[in-house]
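> Quick check, what structure comes out for this input:
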Amino acid sequence: MTITPVRLILGYDGSPQSTAAIEAGAALFPGALAWITHLWTPPFASEPLRRRLWTGRRQLNEFVAAVEREGQREAERLAANGVTLARAAGWEAEAVVRRTYGGEGLEFGQLAAELDADLVLLGSRGLGGTKALLGSVSDMVVHYSPRPVLVVPHPLLSAETAALAGGPVVVGWDGSPGARQALTAARSLFPVRELLLTAVDRATAEPADDVDATGGKVTVIHLDSRHEGSASAVAETLVGYARTRKAAALVVGSRGRSLMREVLLGSVAMATLHHSHRPVLVVPHEDVPPAGHPVTA
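Next comes the predicted model:
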């Protein structure tokens, strides 16, 4: 069986969280083609380095130029370290270093479209040198990316790490176009894994007829939450079921209707991101599923 490698962008800043994202991603997507991406905002340099470069106010322009030069060098060094780790994990990897002046979420989204990546992979903390908490940069990448975004929480426990290599994938299901998009993306990105199509409360429990039926096994499950109609309760139910089944990841669709996410990400998707201790893949509704992941005998 031959599977076309996944093409992914990984946000890397040298933090333990971004390093752990490489390790988790390598288990989920072995042999991937990866762009190890570092975004940096000038003037970037450590405090000790700025003190060494400072020569007084009369040379302010020279000082700014030196700080930016050293910042660029440090950004390239960090990205190169990430590439080394990615290659050691079995990926074919190259570095991408971008200078940005804020708006990292939008920058990652634009880069995903530019490079025609299948997904963006992030640690839940640690993007572009900001060590951003989920709820800021990571949320914005999810909102703006036209491609699926996989957020890897940190730290993962040993059981959660063990599930990455061969565990099933839980897919949130409610019969909506966004859910069908999520299921199609899950089939493409995880072609040989069992997909646990999980409907909560009164959501439609059967997959649509137009969903491709090739690839791994699909199991349909119907669960009840503690508080019907609550996005948080639905997310908790999905997360709890993923834990029970020792799932490698969860997949949820979003409700965005434009490339710029003028409509906020669906509340269930956001609640799942904030509750889950396992990787969560958010699939934008308007995304064209990755083409080129055929499974052939």
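
> Sketch out the low-pLDDT regions of the protein for me.
Confidence mapping of the chain against pLDDT under 70 gives the ranges 1-2, 42-61, 63-67, 102, 125-137, 202-216, 229, 255-266, 286-297.

> center of it - which residue?
Centroid-nearest residue in the chain, with CA atoms, centre = their mean: Leu150, separated by 2.2 Å.

> a strand runs through that residue, doesn't it?
Yes: looking at Leu150 with DSSP: H, G, I helix; E, B strand; the rest coil, it is inside a strand.

> Any idea what it is bridged to?
Leu121, Leu281 (DSSP bridges).

> Does it touch Leu281 like I think?
Yes: applying CB atoms under 8 Å, one finds Leu150 in contact with Leu281, separated by 4.6 Å. Heads up, the C-betas are built off the backbone N, CA and C, glycines and all.

> distance of Ala26 from Leu106?
Separation of Ala26 from Leu106 (CB to CB, to the nearest Å): 27 Å.

> Now do the strands in the protein.
2-3, 7-11, 33-40, 92-99, 119-123, 149-152, 169-173, 195-200, 218-223, 249-253, 280-283, 295-296 (DSSP state E).

> Minimum distance to Gly71: which of the ones you listed has it?
For the strands of the chain, the distance to Gly71 is smallest for strand 33-40, at 6.1 Å, taking CB to CB.

> Direction included, what does that closest one pair against?
When DSSP bridges is applied, strand 33-40 pairs with strand 7-11 (parallel), strand 92-99 (parallel).

> export it as CSV, just CAs?
Extracted in CSV, the C-alpha atoms of strand 33-40 (Å, rounded to 0.1, in the frame of the first residue of the first chain):
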residue,chain,number,x,y,z
LEU,A,33,7.0,16.8,3.6
ALA,A,34,7.4,19.6,6.2
TRP,A,35,8.1,23.3,6.1
ILE,A,36,9.6,24.2,9.5
THR,A,37,8.4,27.8,9.8
HIS,A,38,9.7,30.5,12.1
LEU,A,39,8.0,33.9,12.1
TRP,A,40,9.9,36.7,13.8
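
> Pull the contacting residues for Ser276.
153, 235, 238-239, 242, 250 (CB atoms under 8 Å, 6 or more residues apart in numbering).

> Kindly report the same for Ala34.
Per CB under 8 Å, 6+ apart, neighbours of Ala34: 7-10, 25, 86, 91-94.
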